[in-house]
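Undergrad: this one's sequence-less:
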């Protein structure tokens, strides 16, 4: 069997050291990036949920007349959507059940896109951005600076 040569082994020593320093810095910044993503996305959804709660009659009217949520009655969709927008961001900020919270908000995000048939392009792109951040949190978790990851050594450090 032939042994694989690591691509960075072909680099000159100064570039290998620079690459290693960059990787070390990037890995050190991961918890900050994950926290920033959690805070940003959570704020967007939480504020949307609070807006719905402030004027419940309008929320019900929007779910009845404007939003076309598939498979659910407008009243059930309004309650579930609003509950998701208010509760899941709190869990996401704390990083408590962070992957599940991010997955739940991903569902809310996708349903929002599907339920507004004529969404303007800039609004759609915001949903894509939020979905991308949420996908990262689902795949890589909420990070060390979370209830889920607090005090745990990274898997890389344990190897």
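TA: Now that the structure is in, tell me what you want to look at. Just so you know, these numbers come straight off a predicted model, no measurement behind them. Residues are numbered from 1 along each chain as shown.
Undergrad: burial of residue 93, as a residue count?
TA: 20 (other C-beta atoms under 10 Å). Every residue, glycine included, has its C-beta placed from N, CA and C.
Undergrad: same thing with residue 97?
TA: Residue 97 has 17 nearby residues by other C-beta under 10 Å.
Undergrad: need the contact list for the residue nearest in space to the middle of the chain.
TA: Centre of the chain computed as the mean C-alpha position; nearest residue by C-alpha atoms, centre = their mean is residue 134, 1.9 Å away. Listed by C-beta atoms under 8 Å, 6 or more residues apart in numbering, the contact set of residue 134 reads 41, 102, 103, 105, 106, 109.
Undergrad: Of all pairs in those residues, which one is the farthest apart?
TA: Greatest spatial distance among the contacts of residue 134 (C-beta to C-beta): 41 and 103, at 12.2 Å.
Undergrad: Neighbour count for the two, which is higher?
TA: Neighbour tally, residue 41 and residue 103, criterion other C-beta under 10 Å: the higher count belongs to residue 41, 27 against 15.
Undergrad: circling back to that earlier point, how close does the residue nearest to the centre of the chain sit to residue 23?
TA: Per C-beta to C-beta, to the nearest Å, residue 134 is found 25 Å from residue 23.
Undergrad: Kindly report the same for residue 133.
TA: 22 Å.
Undergrad: quick one, which of the two is more surrounded?
TA: Neighbours were counted for residue 133 and for residue 23 using other C-beta under 10 Å; residue 133 has more, 21 against 11.
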